[in-house]
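Chemist: coords below, sequence missing:
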DNA sequence: GCCAATAGTATCGTTTTCCTGACTAAGTGC
DNA sequence: GCACTTAGTCAGGAAAACGATACTATTGGC
């Protein structure tokens, strides 16, 4: 039903902006996996959060996972971590400028998703 | 060194376009993993390809993987598959409209990548 | 009859990712 | 001294993703 007519189109058209291609494997290292995009989405669109808030926000994630993903994101410069030496401890996570620069990509993804799930809006 | 000053910013600013959030897990099902984005990139920006061409284009992928990823993409309506009953066999793969709608997302990703790897380009 | 070419499939093993549950530190209130 | 809080860590196992190798079908050419 939704099968496209497989019309061949010439390979011109958009090959230039992309040169060959940007290295997907490396991008996947940064933002791939089951949790990273979700965590980033929360931090980018909702602002700074502390560990426990994030855990509640990203539903289904375990402590272990949240910690490890946050450590990876921090190492890659996508989130920053601030420790407040209080008791009980408080640690806040914030999206860095590098992560905020992903905003456009998130919007593009979102638009795509919306478009595909509303198909035919004439 | 490249740690951002962890300035907190208010949670306003962008929460509206996104309502709560678009379901990342489902998006990840469609385009996640090691190969799908690479395959889509080739088909979207270079046009229709046959199996063997694709295998040469996506370097490092095995037959088995390419087949399984293409099957998954086809099932999700992102590529269409056309079989030519010749010998030796010929099968062509084309990005569907649904996949072509991802073009903006690819561009956003690419821009992000370029920006982060050229940091400071004044 | 045998080889070559393309687009697969089948089977198994490895590697990576993810989850579970138990444990820790440090101060506060009782 | 005991429980309670938060933000972790650690060990172990299960599950999913990925990879290597061998095999199939078809037919044209030698």
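Modeler: Looks like it arrived, so ask away. Please read all numbers here as calculations on a predicted model, not as lab measurements.
Chemist: which stretches of chain A form strands?
Modeler: Taking DSSP state E to define them, one finds strands in chain A at A:49-50, A:79-84, A:90-95.
Chemist: tabulate those strands in a markdown table, adding columns for distance to residue B:103, mean pLDDT and mean neighbour count.
Modeler: Backbone N, C-alpha and C define where each C-beta goes, glycine included. Below are those laid out as a markdown table (distance: least, C-beta to C-beta, whole Å; pLDDT from 0 to 100; neighbours: other C-beta atoms under 10 Å in any protein chain shown):
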| stretch | distance to residue B:103 | mean pLDDT | mean neighbour count |
| --- | --- | --- | --- |
| strand A:49-50 | 32 | 98 | 18 |
| strand A:79-84 | 29 | 97 | 16 |
| strand A:90-95 | 26 | 98 | 19 |
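Chemist: redo those strands as CSV? Include distance to residue A:116.
Modeler: Below are the strands of chain A laid out as CSV (distance: least, C-beta to C-beta, whole Å):
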stretch, distance to residue A:116
strand A:49-50, 29
strand A:79-84, 29
strand A:90-95, 26
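Chemist: so residue A:57 sits against residue A:42, correct?
Modeler: Yes. Counting by C-beta atoms under 8 Å, residue A:42 is a contact partner of residue A:57 at 5.0 Å.
Chemist: mutual contacts of the two, please.
Modeler: Shared contacts of residue A:57 and residue A:42, defined by C-beta atoms under 8 Å, 6 or more residues apart in numbering or on different chains, are found at residue A:49.
Chemist: make CSV out of the strands of chain A and add distance to DNA strand C.
Modeler: Listed next are the strands of chain A as CSV, based on distance: least, C-beta to the nearest atom of the strand, whole Å:
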stretch, distance to DNA strand C
strand A:49-50, 15
strand A:79-84, 12
strand A:90-95, 12
